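A.B. asks: here is my input, please return the structure:
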Amino acid sequence: MTDRDSTRPPGTDSDDSPSSGTDERRPARDDPPATDTDQSAGDDGSANQDADGDVKRRTYLQAIGAAGAAGAIGAGAGLSGLGAQTVNAQADPNGTVLATFCGTFSGGPQVQQCIACVEAACPEDEVNPLYPLFTGLTGSCFTPASIPDGAEWVTLKAGQNCYLAPVEDNTTFCLPPGAPDISNATFYTCDGDDPQPAVIDYTVTCEEIVVTTDNIDDGTTLTAEVTFLDGEGTESTVTFQATVQDDTATFDLPGNLNPTNLVLLLDDLVLDDQPVVAEDAPCTPEPPVFDGVDVTCDAITVSTTNVPEGGVLSITVSFTNGLVETYNVPVDADGVAVVPLPGDVDPSYLTVVYDGETLFDMEVQATDAPCAEPTPPEPPEPPEPKPPKKEIRKKMMRHKRKYEMYKKMLEKSD
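C.D. replies: You can find the predicted model right below:
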């Protein structure tokens, strides 16, 4: 909608200051008695704030929690069994009407969230939504720049609650005191003669968005503008197109990005615009984790987490003999990769890389080292051989005979 759309309550000036004598949250008249205030005032809508607020300001895990709460409401309480409820909206001559609480919202596209209120108001007729849809609203009153032709009812979604008011000659639609702020508004007609195109359901996963449509011909092209968050929290918006077949259109998504908001268009007509969360979120891959390594002479075993089966580790091993080898090894279903080694050379340094990210880089030693056979020492020089004992004895006898001979010669000379 244009910025002329407003949820400023009547009785306030253009600068948002209240007119004299009026409450800034109420129309410029005596407050009408509130209806069903015991039901509407009991919930401030905090459990569903993320589903209606600005997802950009929240982490994706908060969005997952909000989506779970909304899904539980949509699958549980919803708006079933409201056929017996009556609408007693109170209007004043200034064109302001006080909407009546009619139940809690159902999860899904905007036109389905509070449609049961209108179905209960005109049970004999076929209910059709009218466009444009009004989203991103705040405040307790809603004054559209224009009201769709043929509109008979308007629903106001506030927190988890739905409120219903007749259109008639009214131009401003307000909530009872104590109700949460309005988050979206949808106009309806009970005239089934002019069926309107609509999105009545969708499922969102990391891989695809499947949309269920009504009153859209087969072969019609729908456009989806999907906002994503990557693992670093960076936001991007991508446009997809799909063809309706048997009231279904399927949009293929990247699979590795978290979808956070979905806008569905039929040409220029916005069929839905709201935050979404993939059922199998998170979609961004978890970072790889190095769990440990076991090094022996025969093999290196690397254990990882968040590396998918078949993911290839680049493992570089340095050996003590100066050899450096790089092995590209896929991990198994348990995230384990095994590198066979020569067995007779000691590994000394190990580097493990996955998808460009270094997981391990440091010195290692085999648990059963040493791996190489030790080199035997050089044998010592053999000693010089000693003469045989017999030769020694003969030599000694010769020396002895010579000694005796010299001795006798000396004795004769005397």
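A.B. asks: now do the same for the residue nearest the centre of the chain: its pLDDT.
C.D. replies: Of all residues in the chain, the one closest to the mean position by Cα atoms, centre = their mean is Pro282, 2.7 Å from it. At Pro282, the pLDDT value in this model is 91.
A.B. asks: wasn't it part of a helix?
C.D. replies: No - under DSSP: H, G, I helix; E, B strand; the rest coil, Pro282 falls outside any helix and is assigned coil.
A.B. asks: hmm, it is touching Leu257, no?
C.D. replies: No - the pair Pro282 and Leu257 fails to qualify as a contact (Cβ atoms under 8 Å) at a distance of 9.8 Å. C-beta here means a position set from N, CA and C on the backbone, and glycine is covered the same way.
A.B. asks: go through this structure and flag its longest helix.
C.D. replies: Secondary structure of the chain per DSSP state H: the longest helix is helix 389-413.
A.B. asks: how far is that helix from where the chain is centred?
C.D. replies: Here helix 389-413 is found 112 Å from its chain centre; the criterion is Cα atoms, centre = their mean, to the nearest Å.
A.B. asks: stretch 123-137 too?
C.D. replies: Worked out by Cα atoms, centre = their mean, stretch 123-137 lies 31 Å from the chain centre.
A.B. asks: now do stretch 203-212
C.D. replies: Relative to the centre of its chain, stretch 203-212 is centred 15 Å away, using Cα atoms, centre = their mean.
A.B. asks: that stretch spans what distance, first to last residue?
C.D. replies: The straight-line separation of the ends of stretch 203-212 (Cα to Cα, to the nearest Å) is 9 Å.
A.B. asks: mean confidence score for that stretch?
C.D. replies: pLDDT averaged over stretch 203-212 gives 97.
A.B. asks: for that stretch, buried residues please.
C.D. replies: By 16 or more other Cβ atoms under 10 Å, the buried positions in stretch 203-212 come out as Val204, Cys206, Glu208, Ile209, Val211, Thr212.
A.B. asks: sitting in strands, which of these do you find?
C.D. replies: Judged by DSSP state E, strands contain the following of the buried residues of stretch 203-212: Val204, Glu208, Ile209, Val211, Thr212.
A.B. asks: mind picking the two most distant members of those?
C.D. replies: Glu208 and Thr212 (13.3 Å; Cβ to Cβ).
A.B. asks: residue boundaries of the strands in the stretch 101-250 of the chain?
C.D. replies: According to DSSP state E, counting those that start in this stretch, the stretch 101-250 of the chain carries its strands in the segments 128-134, 141-142, 153-158, 161-166, 172-174, 184-189, 198-204, 208-214, 221-229, 235-243, 248-252.
A.B. asks: am I right that Pro342 is in a helix?
C.D. replies: No - under three-state DSSP, Pro342 falls outside any helix and is assigned coil.
A.B. asks: how about the backbone phi and psi for it?
C.D. replies: Main-chain torsions, Pro342, degrees, to the nearest 10: phi -60, psi -30.
A.B. asks: per-residue pLDDT, it?
C.D. replies: 92.
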